[in-house]
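# need a 3D model of the following:
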Amino acid sequence: MSEIAPAARRPAAVTAAGFLLFGTAVLAVVIALLPLPYAGAASTAAKSAYAKIENGDGIATAVSATIYVTVLIFILAGITLAIFGVFNLRGSNGVRIATWVVGGVGVLCCGSSVLIGRLASGLGQNANTPDMQAAQKQVQAAYPSWYAGVQAGLTIVALLALIAVIILLALPAANGYFRRPKTGVAEVGLPYPYSGEPPLPPVPPVPPAQRDE
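Now for the predicted structure:
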């Protein structure tokens with residue numbers, strides 16, 4: 001009595017975009033967790049380094065706060081990207097648009113780790129003075145020598161992945177998948193409006209009354 005319309009085949013571009021979103025989500029979490037083992041040492045170094053500098057307490061507090069705010073932002077970004085990956089693979093056009101918006105913002109802000117690093121090092125307030133430069137070096141020394149390079153490398157990979165996702169979801173091959181008609185149950189050959197229950201059987205005609213003889 002009924003048939004279910006076949007689901008549209010997912011284009012390779014959409015599949016690649018979905019898995020790139022998953023990969024970027026993992027990278028975001030890794031970037032978030034990367035500074036945590038050194039957060040305590042960096043905070044202690046900042047307090048010591050900026051102790052004799054004007055507004056040093058405020059700068060040291062900003063350094064410590066920035067570390068944990070960055071961790072939170074990147075973890076939330078990772079969760080969001082993973083959710084976007086799931087719903088893009090399912091063909092949600094609204095999520096595809098949201099991915100473009102968030103991905104574009106992410107591309108613009110992927111360099112924010114550099115700005116955050118500048119803030120954490122105390123740049124922006126008399127940064128060219130010898131005391132500030134020495135304080136920055138002291139804070140940076142709390143991290144291992146490989147830290148800056150690994151963080152920059154992961155950020156660049158995440159940036160390239162987001163650019164690829166934006167391009168893949170905009171390809172003509174993806175448009176049909178996201179704009180396909182909704183599938184459902186098609187009722188065929190029903191002689192009555194289908195409401196989920198069969199109609200009542202017809203009432204047999206009443207035979208004519210017999211004439212009196």
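
# could you say what helices and strands the strand or helix carrying residue 174 packs with?
With secondary structure defined by DSSP states H and E, residue 174 is part of helix 172-178. If you count contacts as 3 or more C-beta pairs under 8 Å, 6 or more residues apart in numbering; DSSP states H and E, helix 172-178 packs onto helix 12-33, helix 93-109. The way it works is simple: take the backbone N, C-alpha and C, and place the C-beta from them, glycine included.

# if you set the cut-off to 10 Å instead, what comes out?
For helix 172-178, the packing partners by 3 or more C-beta pairs under 10 Å, 6 or more residues apart in numbering; DSSP states H and E come out as helix 12-33, helix 56-89, helix 93-109, helix 147-170.

# how many degrees apart are the second one and helix 147-170 in direction?
To tie it back to what came earlier, the one meant is helix 56-89. Direction vectors for helix 56-89 and helix 147-170, defined by axes from the mean of the first three to the mean of the last three C-alpha atoms, to 10 degrees, enclose an angle of 30 degrees.

# mean confidence (pLDDT) on helix 56-89, please.
Confidence over helix 56-89, taken as the mean pLDDT, stands at 91.

# ok, back up a step: from the chain's centre, how far out does the helix holding residue 174 sit?
Once both centres are worked out by C-alpha atoms, centre = their mean, to the nearest Å, helix 172-178 turns out to sit 21 Å from its chain's centre.

# same question for stretch 35-54.
Here stretch 35-54 is found 31 Å from its chain centre; the criterion is C-alpha atoms, centre = their mean.

# for that stretch, which positions count as buried?
When neighbours are counted by 16 or more other C-beta atoms under 10 Å, the buried residues of stretch 35-54 are found to be 35, 39, 42-43, 45-47, 49-50, 53.

# could I get the residues you listed as CSV with secondary structure, distance to residue 141 and pLDDT?
Shown next, in CSV, are those (DSSP: H, G, I helix; E, B strand; the rest coil; distance: C-beta to C-beta, whole Å; pLDDT from 0 to 100):
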residue, secondary structure, distance to residue 141, pLDDT
35, coil, 14, 91
39, helix, 15, 90
42, helix, 9, 89
43, helix, 13, 89
45, helix, 7, 88
46, helix, 11, 86
47, helix, 14, 88
49, helix, 9, 84
50, coil, 14, 83
53, coil, 17, 81
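
# which of those residues sits closest to residue 76?
Proximity of the buried residues of stretch 35-54 to residue 76 was ranked by C-beta to C-beta; the top entry is residue 35 with 16.0 Å.

# quick one, phi/psi of the closest one?
With angles defined as degrees, to the nearest 10, residue 35 sits at phi -80, psi -10.

# not counting sequence-adjacent ones, nearest residue to it?
Among residues not flanking residue 35 along the chain, residue 67 sits closest, at 5.6 Å (C-beta to C-beta, 6 or more residues apart in numbering).

# next, the contact list for that neighbour, please.
Contacts for residue 67 (C-beta atoms under 10 Å, 6 or more residues apart in numbering) come out as 35-36, 38-40, 42-43, 46, 116, 120.

# just send those residues back as JSON lines, with distance to residue 102 too.
Output for the contacts of residue 67, formatted as JSON lines (distance: C-beta to C-beta, whole Å):
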{"residue": "35", "distance to residue 102": "23"}
{"residue": "36", "distance to residue 102": "24"}
{"residue": "38", "distance to residue 102": "29"}
{"residue": "39", "distance to residue 102": "27"}
{"residue": "40", "distance to residue 102": "32"}
{"residue": "42", "distance to residue 102": "29"}
{"residue": "43", "distance to residue 102": "31"}
{"residue": "46", "distance to residue 102": "32"}
{"residue": "116", "distance to residue 102": "19"}
{"residue": "120", "distance to residue 102": "25"}
